[in-house]
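# Build me a model from this:
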Amino acid sequence: MLLCLAAGAAFSPALWAPFHLDDFALFPHPDWDIGQTRPLTWFSFWLSGRISGESPFWWRLVNLLLHLASIAVLKSALGRILTPRAAFIAAALFALHPIQTEAVSYVFARATLLMTLFCLMSLRSWAMGKPWTSVAWFAPALLAKEECVAFPLALAVLFGRGHMRAIATMLGLAAAAGFRVLYVASITTGSGAGAQAGVTALDYLQTQGVSILRYLRLLILPYGFTIESPVDLATGAPAALAWAALVLIGVLAARTDAARWFAASLILLLPSSSIFPAADLAADRRVYLPLAALAAGAAVSASAFNRRAVPAVLVLLAGISFRQALLWSSPESLWREAVRLSPERVRPRIQLARQLPPSQALAVLQEAGKIAPDNPAVASETGRVLLEAGRPELALGEFGRALALSPGDANAINNRGVALWKLGQIEAARADFERALQIDPRLSDARRNLDQIRERH
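Modelled structure (predicted):
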């Protein structure tokens with residue numbers, strides 16, 4: 001109860017936050033389909049939409065309650081494996097560490113929370129000597145999010161080779177879920193995963209050494225959390241050095257009592273941090289489930305530390321989490337922090353510009369243009385801001401520039417059509433909307449614009 005109250009207080013500022021990024025894809029309400037790759041998560045989204053409408057508070061409250069439930073289940077599970085003191089420390093680290101903020105505060109990350117809750121239920125059943133109940137809990141974890149496919153291997157590392165038939169069954173379920181996700185990602189336009197991630201499997205694998213080192217650094221030195229991935233593609237010597245450092249850390253960890261927990265945490269990271277590429281090279285929410293094992297390992301090691309140091313560390317972590325949750329309570333503060341931590345990146349500046357009045361937004365975009373003068377997204381966003389400021393003649397030039405930098409881009413063509421419409425060039429605008437739909441028939445903005453221009457003219 002104490003841990004849940006502390007975690008609730010630490011992450012409470014995010015309850016009053018608006019929606020962010022992919023959250024807006026859930027409205028007016030998500031269509032629940034058993035054919036979804038994550039049907040359990042989408043069912044929860046559908047249910048939230050039916051019950052809560054578009055009030056972000058209730059959507060975020062569900063996320064926070066899932067986090068609190070995971071804390072309770074983890075404490076119960078580890079209480080059967082570790083000493084009472086170590087189990088409490090591990091659950092407290094999992095509950096209060098600021099690296100958990102993204103998973104708890106970002107509505108769209110609910111898949112991670114659901115997956116972890118059911119995996120921890122499975123862990124508890126396994127610790128109770130109920131392997132087939134553990135298998136039953138693992139199934140809904142896969143239906144929430146496929147990233148837990150390596151969980152059975154983590155169980156084998158933690159508990160040895162017993163109950164191999166149950167482990168084999170779980171691996172079979174994991175393989176079926178994994179292959180299905182690979183197939184869906186390959187055929188779904190804009191999935192941002194697999195072949196559509198914009199990065200090869202080899203380059204992604206090499207870069208993940210840097211990403212994992214960053215996760216470990218954030219766990220030890222909790223500073224530098226950002227919604228914008230600060231990791232760039234790493235190949236050659238930087239990638240080799242990162243993986244060599246991880247191997248060295250693994251060798252050192254293998255000599256400690258926490259070795260199996262450290263190994264289990266790396267296994268749990270493998271699905272998102274190995275050869276299956278994703279558009280984001282790093283994301284804090286990927287550490288949510290692995291942190292359960294890392295926290296247990298840290299708690300085993302912490303048994304030799306001064307007892308007074310542990311409460312001080314936990315209070316410090318809770319304070320940092322509170323500060324991070326405050327950042328999530330405002331899109332402007334969230335993206336200002338991202339710009340501050342990644343001043344050389346363009347995407348945070350574009351996202352920040354969307355939260356500012358036109359005059360300030362144009363100044364931010366001007367800086368983005370200096371960083372990446374040939375980036376069509378900067379030109380498109382500048383055009384959008386100029387339209388909002390009532391300057392369609394200037395916006396037309398920016399949209400044209402975006403199209404010159406990215407020929408055949410359906411969004412750029414649609415945007416140019418909007419500027420032409422504002423300037424009274426109706427037929428030219430209609431032609432742009434039709435052409436945008438020919439390139440991407442699912443572009444809802446172009447469809448809506450075309451319908452409106454037909455109704456009014």
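# residues contacting the closest residue to L443 other than its chain neighbours?
Leaving out its chain neighbours, the residue that sits closest to L443 by Cβ to Cβ, 6 or more residues apart in numbering is A410, at 5.1 Å. (Glycine included, C-beta is placed from N, CA and C.) Contacts for A410 (Cβ atoms under 8 Å, 6 or more residues apart in numbering) come out as A436, L437, I439, D440, L443, A446.
# buried subset of these?
For those, a burial check counting by 16 or more other Cβ atoms under 10 Å picks out A436, L437, D440, L443, A446.
# Could you tell me which of those residues are located in helices?
The helices in this structure, assigned by DSSP state H, contain A436, L437, A446 from the buried ones among the contacts of A410.
# a markdown table please, covering those and showing distance to L317.
Listed next are these as a markdown table, based on distance: Cβ to Cβ, whole Å:
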| residue | distance to L317 |
| --- | --- |
| A436 | 48 |
| L437 | 50 |
| A446 | 47 |
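# From those residues, pick the one nearest R307.
A446 (63.4 Å; Cβ to Cβ).
# my guess is that closest one contacts A429, does it?
No: at 10.8 Å, A446 and A429 do not qualify as touching, with contact defined as Cβ atoms under 8 Å.
# which residues are common contacts for these two?
With Cβ under 8 Å, 6+ apart as the test, A446 and A429 both reach G417.
# How far away from the center of its chain is the helix-or-strand element of the chain with minimal mean pLDDT?
Sorted by mean pLDDT, DSSP states H and E, the helices and strands of the chain end with helix 164-187, the least confident at a mean of 84. Relative to the centre of its chain, helix 164-187 is centred 21 Å away, using Cα atoms, centre = their mean, to the nearest Å.
# got the buried residues for that helix?
Going by 16+ other Cβ under 10 Å, helix 164-187 has these buried residues: A166, I167, T169, M170, L171, L173, A174, A177, G178, V181, V184, A185.
# Could you dump those residues into CSV with distance to L248 added?
As requested, the buried residues of helix 164-187 are exported to CSV (distance: Cβ to Cβ, whole Å):
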residue, distance to L248
A166, 35
I167, 30
T169, 36
M170, 32
L171, 30
L173, 35
A174, 30
A177, 33
G178, 30
V181, 33
V184, 38
A185, 33
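# closest to A254 among those?
I167 (22.3 Å).
# any idea where the helices of the stretch 351-457 of the chain begin and end?
For the stretch 351-457 of the chain, the helices defined by DSSP state H, counting those that start in this stretch occupy 358-371, 376-388, 392-405, 410-422, 426-439, 444-456.
# returning to that earlier point: can you put the contacts of A410 in CSV and add pLDDT and distance to S333?
As requested, these are arranged in CSV below (pLDDT from 0 to 100; distance: Cβ to Cβ, whole Å):
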residue, pLDDT, distance to S333
A436, 90, 34
L437, 90, 37
I439, 89, 37
D440, 87, 34
L443, 85, 31
A446, 88, 33
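# closest to P18 among these?
Checking the contacts of A410 one by one against P18 (Cβ to Cβ), the nearest turns out to be L443, at 25.0 Å.
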